[in-house]
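Student: Okay, predicted coordinates and the sequence, questions at the end:
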Amino acid sequence: MSNDFSFTIKNISFDENYQPANNTRATTNFANLARGESRQQNLRNALKMINNSFNALAHWDNPHGERYAVELEIISVDINVQEDDQAFPSIEVLKTHIIDHQTGERIEGIVGNNFSSYVRDYDFSVRLLAHNKDQKQFTIPEDFGDLHGKLFQCFINSATYKEHFNKPPVICLSVSDNKIYQRSDNQHPVLGFEYLANESSLTEQYFQKMGLQVRYFMPPNSVAPLAFYFFGDLLNDYSNLELISTISTMETFQKIYRPEIYNANAVAGNRYQPNLNNQDHSLTQIVYDREERSKLAVKQGKFAEEHFIKPYQNILEQWSANYAL
């Protein structure tokens, strides 16, 4: 196997004073909240929603619903392809920590949660569009997601990752509005009822190349299932409090960004198809520009093409061909 690339990890607190760094992807959920006139109120409201959600789920020995608070860290991962070259900002994720006000303990949560990647922007917003430009029927390149998947697994298996994090990541996303989900009898005390999807999606296949499998659960107090991408055994590898930290954080983001699904006024039934045109939903008191976000994904995909894919094309192709998963 060829030499692996090196990674550098930076972390910054995500709190009401957070301001995005210059190289933070502007489409990232948390960066989008921290811009404009309402930035501090947005952040304050989002963090309050997360804490309220956490305490509602962790209700045992918590009579007043104020025992816990969630602290969030933004983890930025830079990749070095060649030693003397400038590092490229590859991915950003969130790390949760749980503050137990009753015991004074600070409990490590889960890394992952939100997932942002410049190379993923390139794959979906540049490469896939170019591949289908003159096609009559939508198709996917044969090696679509291969490089990104290997880069991600290279990072997860690196000494750098293991120095910073005790457990593999869990990434939590919205369900797809073009799939149908069927509720099963499997019920977890924190994750809630498991839902089964009627088919695989391109997103699932893309994350599969990253080594991640997916399960869908609708937690108590929720109105729609969430997609959990993970390594290993989701239900047994993580504590209830760890899982609650991910649920409360990511469902809050989804209520802001996908209110038609996650802030709907009707709860998902046994057979559920998400609907982004659903008018029967409530809005949070948090300002968010969805249209701007989709435009920025293309812009950032082109940035990745210009500063990473094209300059290192030969090295990346050779490395990817020789990388053994």
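Tutor: Sure thing, it's come through. Only a predicted model underlies this, so the values are computations on that prediction, with no experimental measurement involved.
Student: From here on, just use CA atoms for contacts and neighbour counts.
Tutor: Will do.
Student: quick one, strands of the stretch 101-250 of the chain?
Tutor: In the stretch 101-250 of the chain, the segments counted as strands under DSSP state E, counting those that start in this stretch are 105-117, 170-174, 181-188, 192-197, 213-218, 226-230.
Student: Pairing partners for the fifth one, with directions?
Tutor: By that I understand strand 213-218. Strand pairing for strand 213-218, using DSSP bridges, gives strand 192-197 (antiparallel), strand 226-230 (antiparallel).
Student: what do you get for the longest one?
Tutor: Sheet partners assigned to strand 105-117 using DSSP bridges are listed as strand 88-100 (antiparallel), strand 170-174 (parallel).
Student: what does the average pLDDT come to for stretch 154-165?
Tutor: Taken as a whole, stretch 154-165 has an average pLDDT of 95.
Student: List of residues touching that stretch?
Tutor: By CA atoms under 8 Å, 6 or more residues apart in numbering, the residues outside stretch 154-165 that reach it are 4-5, 7-9, 111, 168.
Student: Just the CA coordinates for that stretch, please, in PDB.
Tutor: The C-alpha trace of stretch 154-165 is given here as PDB (Å, rounded to 0.1, in the frame of the first residue of the first chain):
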ATOM      1  CA  CYS A 154      -7.900   6.500   6.000                       C
ATOM      2  CA  PHE A 155      -8.600   9.300   8.500                       C
ATOM      3  CA  ILE A 156     -10.800   7.000  10.800                       C
ATOM      4  CA  ASN A 157      -8.000   4.400  10.800                       C
ATOM      5  CA  SER A 158      -5.200   7.000  11.300                       C
ATOM      6  CA  ALA A 159      -3.200   7.500  14.500                       C
ATOM      7  CA  THR A 160      -4.400  11.100  14.500                       C
ATOM      8  CA  TYR A 161      -8.000  10.000  14.900                       C
ATOM      9  CA  LYS A 162      -7.200   7.500  17.600                       C
ATOM     10  CA  GLU A 163      -5.300  10.000  19.600                       C
ATOM     11  CA  HIS A 164      -8.200  12.400  19.700                       C
ATOM     12  CA  PHE A 165     -11.300  10.100  19.800                       C
END
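Student: re earlier: any chance of the strands of the stretch 101-250 of the chain in CSV, with mean neighbour count, mean pLDDT and distance to residue 204 too?
Tutor: What follows is the strands of the stretch 101-250 of the chain, written out as CSV (neighbours: other CA atoms under 10 Å; pLDDT from 0 to 100; distance: least, CA to CA, whole Å):
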stretch, mean neighbour count, mean pLDDT, distance to residue 204
strand 105-117, 20, 95, 14
strand 170-174, 22, 96, 11
strand 181-188, 15, 97, 14
strand 192-197, 19, 97, 11
strand 213-218, 20, 98, 7
strand 226-230, 22, 98, 9
